[in-house]
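Peer 1: Sequence first, predicted model second:
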Amino acid sequence: GYVDCWMADVQSLDRLVAQYPGVYRVFADNVMTVDLGVAFENSYEGEYVKNLNTVLFDMDRDGTIERIVDSYKAGATTGRQGAES
């Protein structure tokens, strides 16, 4: 059968559009955003979680996370996900 549309992560759709120019297009706006979290077993020490939170906060503040995400976004259309530019 056929479908009129489907949803997937943006990187996958961008790659599909790049592979088949003129056949598919991606809706201009995000349909939804997803917040992800990290879960630990109760046996993990609090200091480990605190250190991870600190590192993630620092990476967000100094732009590291944005650079990583941008690298994967660019890779989705070139077929080189995560490739260094």
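Peer 2: Thanks, I have the structure now. Please read all numbers here as calculations on a predicted model, not as lab measurements.
Peer 1: tally of neighbours for residue 55?
Peer 2: 11 (other C-beta atoms under 10 Å). Bear in mind the C-beta positions are built from the backbone N, C-alpha and C, glycine included.
Peer 1: Could I get the full set of helices for the chain?
Peer 2: Taking DSSP state H to define them, one finds helices in the chain at 10-19, 46-61, 64-78.
Peer 1: Can you check what pLDDT the model gives residue 85?
Peer 2: pLDDT for residue 85: 43.
Peer 1: Out of the helices of the chain, which gets the lowest mean score?
Peer 2: With a mean of 76, helix 64-78 has the lowest mean pLDDT of these.
Peer 1: Report the separation between the most centrally placed residue in the chain and residue 52.
Peer 2: Nearest to the mean C-alpha position of the chain, by C-alpha atoms, centre = their mean, lies residue 69 at 5.8 Å. From residue 69 across to residue 52, the span is 18 Å (C-beta to C-beta, to the nearest Å).
Peer 1: Equivalent analysis for residue 24, please.
Peer 2: Taking C-beta to C-beta, one finds residue 24 at 38 Å from residue 52.
Peer 1: rewinding a little: any chance of the helices of the chain in TSV with distance to residue 31 as columns?
Peer 2: Listed next are those as TSV, based on distance: least, C-beta to C-beta, whole Å:
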stretch	distance to residue 31
helix 10-19	10
helix 46-61	24
helix 64-78	17
